[in-house]
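> can you look at this prediction? I've put the sequence above it.
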Amino acid sequence: MKIAVFDTHSYDRDALTLANQQFGHELHFFEARLTAQTAGLASGFEVVCPFVNDKLNAETLAQLYQVGVRLIALRAAGYNAIDVPEARRLGMRVVRVPAYSPHAVAEHAFALLLSLVRKTHRAYNRVRDGNFALDGLVGFDLYGKTVGVIGTGRIGQAAIGIARGFGCRVLADDLYPDTALAQAMGFEYVPREVLLAQSDVVSLHLPLTPDSRHLINQDSLHGMKHGAILINTSRGALVDTMALIQALKSGRLGGVGLDVYELEEGVFFQNLSDKPLQDDQLARLLTFPNVLITSHQGFLTREALGNIAQTTLDNVSAYESGKKLENEVS
Ligand code: NAI
C-alpha cells in the first residue's frame, strides 16, 4: 500500500526501509509533522503513519478523511495525540505498536536515574573543562533504597526488574494491581500516597489519559519524600510543570529526570540550537543542576526501532488483506 510517513527522521527512514524489504509497501517520507496544515500532503494515500507529537485532532482527521485516508498506522505505543472517537466516527481505523521494547524505555529511565544519583551529567562537563574536583558530586547508593513505580504494565515491569537487580525495595501503584506478579517479582502494591511518601525514587510508567493528567501536581509533590528523585519517561502532561518548577526551587526534590515534557510538541525532535528557546518553563527547568532532560528518546534503540518498523508495516499488511487488526486502538 502507499503509506505517507510523517515527521520522518533519518532513523525512521532507515528502519522502515529495511523492514519494508519483506513487505513491499510504497513508502513516502515527509519531514513535516502531521497537522491540519500538512494533512493535504496525504492526498492520494489511504494510509498515514504519524509519530507521537503529530496532532490528529478533529480538524486534522477531517482533512485526512477528505483526501482519502482510511488507516492511521501510528508508529508508537501512546495514542493520546489522536482523537480516536472522532477517527472512528469518520470511519477511519487506528492501529499502533503496543509493545516494541519495554526494555528500551525502562533502561532509559535508569540511565536518567543513575546520572542524577551519581551526578555524571555534571562530572562529564567538569572533567572536559579540566576541573577534576569532586566537591558537589556526592551521590547515594541505589542499593537498599525504595523505588516507587506508577504503572506496572510492560515498561513498568521492566523497570521493576532493573530496580530489583539493583537491590531496591519496590512499591507500586496501578489501576489493576496484579498481586501474583508482585509476588513473583518481589514488589508490593500500596496506595499512591504511601508510594509517594516512602519512595526515594518515583518513576512514571502509565499512559496519559484525562484521569492521569497532572497526576504529579502541587499536592502529590508535597506528599513526596524530601530529596526524592522523580523520573518521567511516559508522557509530559502526567506532570504539572509549573508545580514541578516550584518544588525544584524550594529544594524539596533531589532530582528530576524527564524524557518527556508537557509542551514538547514542536520543540522535541527538532534542532533548535541556533534559535532562542521560546518556552520559558523549559528554559527554567534547564537551569536546575539536578534536572536532566532528554528529548523523548526512550524508544531510540536499534532493537526498538526495528520492532516498531516491523509491527507498523505488519499492521498495514493486515489491513490491506482484510485480516483482524490485532493492534487496533478501540
Ligand atoms: P502498558 O499499557 O503496558 O502499561 C500501562 C500501565 O499503566 C497498565 O498496567 C495500566 O493499568 C496502568 N495505568 C493506566 N492508568 C493508570 C492510572 N491512572 N494510575 C495507575 N496506573 C495506571 O504501557 P507500557 O507499554 O508500559 O507504556 C507506558 C507508557 O510509556 C505509554 O503509555 C507511553 O506513554 C510511554 N512510552 C514512552 C516512550 C518513550 O520513548 N519515552 C516509548 C513508549 C512508551
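Sure thing, it's come through.
> how does this protein divide into domains?
2-100+301-320, 102-293 (automatic domain parsing).
> strands along the protein, start to end?
With DSSP state E as the criterion, the chain has strands at 2-5, 26-29, 47-49, 71-73, 93-95, 146-150, 169-173, 188-189, 201-204, 229-232, 255-258, 291-293.
> need the contact partners of the first one.
Judged by C-beta atoms under 8 Å, 6 or more residues apart in numbering, the contacts made with strand 2-5 from elsewhere in the structure are 12-13, 16, 25-30, 41-42, 44-49, 69, 73, 75, 316. Quick note: C-beta positions are derived from backbone N, CA and C, even for glycine.
> could you spell out the sheet neighbours of that strand, each with its direction?
Paired neighbours of strand 2-5 in the sheet (DSSP bridges): strand 26-29 (parallel), strand 47-49 (parallel).
> tally of neighbours for Gln270?
13 (other C-beta atoms under 10 Å).
> can you check the one 4 residues further on too?
Under the neighbour criterion other C-beta under 10 Å, Asp274 is assigned a count of 5.
> just put the domains of the chain in TSV and tack on mean pLDDT and distance to Glu328.
Below are the domains of the chain laid out as TSV (pLDDT from 0 to 100; distance: least, C-beta to C-beta, whole Å):
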stretch	mean pLDDT	distance to Glu328
domain 2-100+301-320	96	5
domain 102-293	97	16
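> how about the ones you listed in TSV, adding distance to the ligand?
Below are the domains of the chain laid out as TSV (distance: least, C-beta to the nearest ligand atom, whole Å):
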stretch	distance to the ligand
domain 2-100+301-320	3
domain 102-293	2
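> export those to a markdown table and append columns for distance to Glu326.
Shown next, in a markdown table, are these (distance: least, C-beta to C-beta, whole Å):
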| stretch | distance to Glu326 |
| --- | --- |
| domain 2-100+301-320 | 7 |
| domain 102-293 | 16 |
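> returning to that earlier point: any idea which of the strands of the chain is most buried?
Highest mean neighbour count of the strands of the chain: strand 47-49, a mean of 28 (counted as mean count of other C-beta atoms under 10 Å).
> which residues does it contact?
1-6, 16, 34, 42, 64, 69-75, 312, 316, 319.
> please apply the same query to stretch 147-163.
99, 102-103, 105-107, 109-110, 142, 168-174, 177-178, 181-182, 185, 187, 189, 192, 195-196, 198-207, 215, 233-234.
> which of the residues you listed are buried? Put it as a ChimeraX command.
The buried residues among the contacts of stretch 147-163 can be selected in ChimeraX (16 or more other C-beta atoms under 10 Å) with this line:
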select :102,103,105,106,107,109,110,142,168,169,170,171,172,173,174,182,185,187,189,192,195,196,199,200,201,202,203,204,205,206,215,233,234
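> okay, and which of the contacts of stretch 147-163 map to helices?
Using DSSP state H, 102-103, 105-107, 109-110, 181-182, 185, 192, 195-196, 198 are the members of the contacts of stretch 147-163 that sit in helices.
> I'd assumed Leu71 was in contact with Thr312.
No - taking C-beta atoms under 8 Å as the definition, Thr312 is not a contact partner of Leu71, at 11.0 Å.
> so who does the closest residue to Leu286 other than its chain neighbours touch?
The shortest distance from Leu286 to any non-neighbouring residue, by C-beta to C-beta, 6 or more residues apart in numbering, is to Ile293 (6.7 Å). If a contact means C-beta under 8 Å, 6+ apart, then Ile293 has Gly257, Leu258, Asp259, Tyr261, Leu282, Leu285, Leu286 as its contacts.
> with that, I have no additional questions.
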